[in-house]
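Student: next comes the sequence, and after it the predicted model I'd like to discuss.
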Amino acid sequence: MNVVTILKRRASDRPVGTFLGVLVMYSAAITAAIYTLLEGASPILRVTIYAWGPMISAGITVWLLNESVRDWLGQLRNLKVNPRWYVVGIGIMMIGTEFETIIGLISGADVTVPAAPPMAYIRNFLITFFIAGALEELGWRGFLQPRLQQQFTALWTSVGIGALWGLWHVPMILAGLGDFTVFWEYMLNIIVMSIILGWLYNSTNAALPVVMVTHASHNMPPIGSPTGNIPGIFNALSGDAIFYVLCASLITVYAGSQTLTRDGTLPTVPGQLKAHLPVSGRSAE
């Protein structure tokens with residue numbers, strides 16, 4: 001029995017564990033490279049290679065499971081979705097990013113527009129969507145979420161993925177790659193954002209492009225920068241975190257914690273052959 005056969009058997013027994021194992025090994029290897037071989041490389045290159053971890057880990061796991069890598073990647077072609085979902089996803093992220101500015105304007109604060117060079121908005125979106133952060137969604141939502149939802153509610157699945165997602169960023173935080181806030185606030189932000197992305201993924205029947213566009217929208221700089229008369233609450237918690245908490249709470253009440261969908265259905269596991277599908281129904285909350 002060769003090594004590949006052994007790995008495939010273990011992956012069949014523990015697909016999620018296999019994904020996590022590959023992710024840890026890949027992330028550890030790239031982190032080591034960031035401090036050695038890639039020490040002088042550009043920050044974009046180092047962040048990009050690290051960001052491929054969830055996608056590569058999911059692809060390897062799907063292959064080890066003898067499932068359809070083509071079908072799993074086919075989520076990228078799932079474009080038959082009402083355009084309003086793109087508007088909703090982009091809108092939530094943009095309002096969250098501008099929430100402090102909006103409240104500042106209402107309270108009479110001065111606002112500088114634009115807060116960043118115009119090309120920074122286009123550059124950040126394109127880099128995130130095509131080569132960096134948005135590709136993570138092939139792992140987080142495109143692989144992990146539908147499998148965990150076979151055992152847990154969609155809400156707890158999204159919370160768990162969010163916590164993992166946040167902790168996975170720690171090596172980048174320590175390496176000074178990225179613009180991160182206070183760690184506990186960052187974790188709260190990314191967990192509630194995971195609930196929002198999980199809702200979009202389930203509600204669009206696994207339309208991964210919607211999730212990726214939403215993810216990329218979150219990575220754009222704010223348009224406005226308020227100064228002066230800003231409510232004191234923003235000294236304790238950032239505007240985007242407050243807004244995303246409100247959105248995640250409303251989504252849970254509106255769609256329900258079991259599936260985060262109004263019709264109570266969940267997407268199938270992409271790439272999974274019929275022989276692998278569970279016989280029993282979804283577990284109760």
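Tutor: Thanks, I have it.
Student: mind listing the strands for the chain?
Tutor: In the chain, the strands defined using DSSP state E lie at 110-112, 225-227.
Student: other residues contacting stretch 57-74?
Tutor: 7-8, 11-12, 15, 18-20, 22-23, 26, 138-139, 142-144, 270-273, 276 (CB atoms under 8 Å, 6 or more residues apart in numbering). C-beta: built from backbone N, CA, C; applies to glycine.
Student: no wait, stretch 219-236
Tutor: Contacts for stretch 219-236 (CB under 8 Å, 6+ apart): 93-94, 97-98, 100-101, 103-105, 107-116, 120-121, 124-125, 128, 133, 242.
Student: right, so the strands of the chain: which one is the most enclosed?
Tutor: strand 225-227 (a mean of 16; mean count of other CB atoms under 10 Å).
Student: measure L246 to D240 for me?
Tutor: 11 Å (CB to CB, to the nearest Å).
Student: between these two, which one's more packed in?
Tutor: More neighbours surround D240 than the other of L246 and D240, with 23 against 13 (other CB atoms under 10 Å).
Student: what sits closest to that one if chain neighbours are left out?
Tutor: G96 (4.0 Å; CB to CB, 6 or more residues apart in numbering).
Student: quick one on the thing from earlier: show me the contacts of stretch 219-236 that map onto helices.
Tutor: 93-94, 97, 100-101, 103-105, 120-121, 124-125, 128, 242 (DSSP state H).
Student: filter the residues you listed to the buried ones?
Tutor: 93, 97, 100-101, 103-104, 121, 124-125, 128, 242 (16 or more other CB atoms under 10 Å).
Student: lowest-confidence one in those?
Tutor: On pLDDT alone, G104 ranks lowest of those, at 85.
Student: that residue and A115 touch, don't they?
Tutor: No. Taking CB atoms under 8 Å as the definition, G104 is not a contact partner of A115, at 11.8 Å.
Student: can you pull the phi/psi pair for L237?
Tutor: L237 adopts backbone torsions of phi -150, psi 130, taken as degrees, to the nearest 10.
Student: measure it to N2 for me?
Tutor: For L237 relative to N2 (CB to CB), the value is 53 Å.
Student: also G74?
Tutor: Taking CB to CB, one finds G74 at 30 Å from N2.
Student: with S257 instead?
Tutor: Taking CB to CB, one finds S257 at 44 Å from N2.
Student: neighbours of G176, how many?
Tutor: 8.
Student: just G40 next, same as before
Tutor: 6.
Student: quick check: phi and psi at it.
Tutor: Torsion angles, degrees, to the nearest 10, at G40: phi -90, psi 0.
Student: tell me the pLDDT at it?
Tutor: 85.
Student: under the pLDDT cut-off, which ranges of the chain? List them.
Tutor: In the predicted model of the chain, residues 1, 179, 181, 273-285 satisfy pLDDT under 70.
Student: not counting residues beside it along the chain, what's closest to V88?
Tutor: L200 (7.5 Å).
Student: what's the neighbour count on the one you found?
Tutor: 25.
Student: my read is that it contacts W85, right?
Tutor: Yes. Between L200 and W85 a contact is recorded at 6.4 Å, counting by CB under 8 Å.
Student: shared neighbours, the two?
Tutor: 207, 210.
Student: could you pull out the helices for the stretch 1-150 of the chain?
Tutor: 3-13, 15-35, 43-51, 53-64, 69-73, 84-97, 99-106, 118-130, 137-139, 145-148 (DSSP state H, counting those that start in this stretch).
Student: the helices in the stretch 151-285 of the chain, which residues?
Tutor: So, for the stretch 151-285 of the chain - with DSSP H, counting those that start in this stretch - the helices run 154-168, 170-174, 183-203, 208-218, 233-236, 239-255.
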